[in-house]
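K.L.:
Here is the input, now give the coordinates:
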Amino acid sequence: MDLTFSEKETAFRDELRAWLAANPPSDPPRREEGEEANYAWRREWQRQLYDWGWAAPGWPAEYGGRGATLTESAIYFEELGAARVPLPANVLGLLLGGPTLMVWGTDEQKERYLPPILSAEEIWCQGFSEPDAGSDLAALKARAVKDGDGWVVTGQKVWTSGAQYSKWCMLVARTESGLAKKHHGLTYFLMDMEQEGVQVRPLRQITGEAEFNELFIDGARISDANVVGGVGNGWKVALTTLMNERAGLGFALQVRLRQMLDDLFAATAERGLLEDSLYADALGELHVRTETLRLLAWKGLTDVERYGQPGPEGSLVKWLWSDTNQKLTQLAADIVGLESLTAESRWSYELLRARGNTIEGGTTEILRNIVAERVLGLPRIATAA
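P.N.:
Take a look at the predicted model:
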């Protein structure tokens, strides 16, 4: 794995770095202005990126991107992180929905849906998890019944990020029951969120935010034209989405982790605690972990270049990031002290938000199984009935 950038890659990095320096986002809204104001700010930022061709440089030029290489796409996320600017608002559409359509979508679907994803005109969310089908996605119960030239969907989804702002939902529902394997008989749909049959209920988190939502679907209609990848092929299409989720977010996560660790080093120095061996050892371990994650993210990139798609190793990056981020925020609480328990402070937010890291995007337990079985090749252990 050679991490030396070519002349073309260096030129790409320098162009992006110069643009970010000359075109920063507007000042973010104050916390008291609320979540909708913050989301509108991020949406405005994506439009600014879009106007200059920086919303999704990794997308092919024919779909409005720059045709950037995988390495250049990784550079893109690292530079966004280094500039401390927000990710685009429509991150699920850009990283998951768009790439999934590029693999499985019809020409008509690509023409209809890709441009407004890129411009943030239409926001996307992901309707996979259910109350009894989180990590075990194949256990989902939401049903889609054929009705004329479309489908009628009934069921419930949960942990749906950004649903309150979304126009479209990447929805997986069961279209055939009673099959020998539960991951058979699933279909991948694009569901219009703006219809009476879809109700969004925000889930308020310990941080006070409502990043996630419950979806209650009662007779929502989806046309045949909004089936992606064919009826009954939803499991394969969903795997494409999930692999892009863990690979695409890997770079953004490891960059932000590095920033937080640098900030924690600064906070430790301000308090004169860098010479304390207890804190120095803990910070040193976090540094090693953070660098390991950075290199694993780059290794995942080389695997994509070699095999043509993200592999199961992306699960390892997400698992280790979750564990490391929780360790980092807990250490921050020890070092910063009472400030980390003060409402609205930076470190109190990070400490509380990190609690969900080992659940969201695939629980740590499931990710360990994926790594064990699909990366290390260990045998599956049968469980007692």
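K.L.:
Quickly list the domain ranges of the chain.
P.N.:
Per automatic domain parsing, the structural domains of the chain span 7-119, 124-232, 236-375.
K.L.:
In TSV, list these along with distance to Ile381, mean neighbour count and mean pLDDT.
P.N.:
Where you see a C-beta, it was placed from the backbone N, CA and C, and this is true even at glycine. Compiled in TSV, these are given as follows (distance: least, CB to CB, whole Å; neighbours: other CB atoms under 10 Å; pLDDT from 0 to 100):
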stretch	distance to Ile381	mean neighbour count	mean pLDDT
domain 7-119	31	17	94
domain 124-232	16	18	93
domain 236-375	9	17	85
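K.L.:
How about residues contacting stretch 105-122?
P.N.:
Surrounding stretch 105-122, the residues in contact under the criterion CB atoms under 8 Å, 6 or more residues apart in numbering are 43, 46-47, 50, 55-56, 59, 63-65, 88-90, 93-94, 97-98, 101-102, 124, 167-168, 190, 225-226, 228-229.
K.L.:
Likewise for stretch 31-41?
P.N.:
Residues from elsewhere that reach stretch 31-41 (CB under 8 Å, 6+ apart): 25-26, 28-29, 86, 89, 162, 165, 209-210, 344.
K.L.:
from the middle of its chain, how far away would stretch 255-262 be?
P.N.:
Centroid separation for stretch 255-262 versus its chain: 17 Å, with CA atoms, centre = their mean, to the nearest Å.
K.L.:
And stretch 258-269, by the same measure?
P.N.:
Remark: stretch 258-269 is offset 24 Å from the chain centroid, using CA atoms, centre = their mean.
K.L.:
Same question for stretch 170-184.
P.N.:
Counting by CA atoms, centre = their mean, stretch 170-184 is centred 24 Å from the centre of its parent chain.
K.L.:
Same question for stretch 152-170.
P.N.:
Averaged over its C-alpha atoms, stretch 152-170 has a centre that lies 15 Å from its chain's centre (CA atoms, centre = their mean).
K.L.:
quick one: Gly337 from Leu331, how far?
P.N.:
As for Gly337, its distance to Leu331 is 12 Å (criterion: CB to CB, to the nearest Å).
K.L.:
Looking at the chain, which helix is longest?
P.N.:
Longest helix in the chain by number of residues (criterion: DSSP state H): helix 234-270.
K.L.:
my guess is Leu352 meets Gln326, correct?
P.N.:
No - Leu352 lies out of contact with Gln326 (CB atoms under 8 Å); the separation is 11.2 Å.
K.L.:
What residues are bridge-paired with Ala144?
P.N.:
On the basis of DSSP bridges, Ala144 is bridged to Val153.
K.L.:
check contacts around it.
P.N.:
By CB under 8 Å, 6+ apart, the residues touching Ala144 are 151-153, 173-175, 187, 189, 222.
K.L.:
how far away is Ser340 from Ser348?
P.N.:
For Ser340, the distance to Ser348 - CB to CB - is 5 Å.
K.L.:
my guess is Val336 contacts Arg346, does it?
P.N.:
No - applying CB under 8 Å, one finds Val336 not in contact with Arg346, separated by 9.1 Å.
K.L.:
Is Val172 located within a strand, as I assumed?
P.N.:
Yes - counting by DSSP: H, G, I helix; E, B strand; the rest coil, Val172 is part of a strand.
K.L.:
Distance of it relative to Met191?
P.N.:
Separation of Val172 from Met191 (CB to CB): 10 Å.
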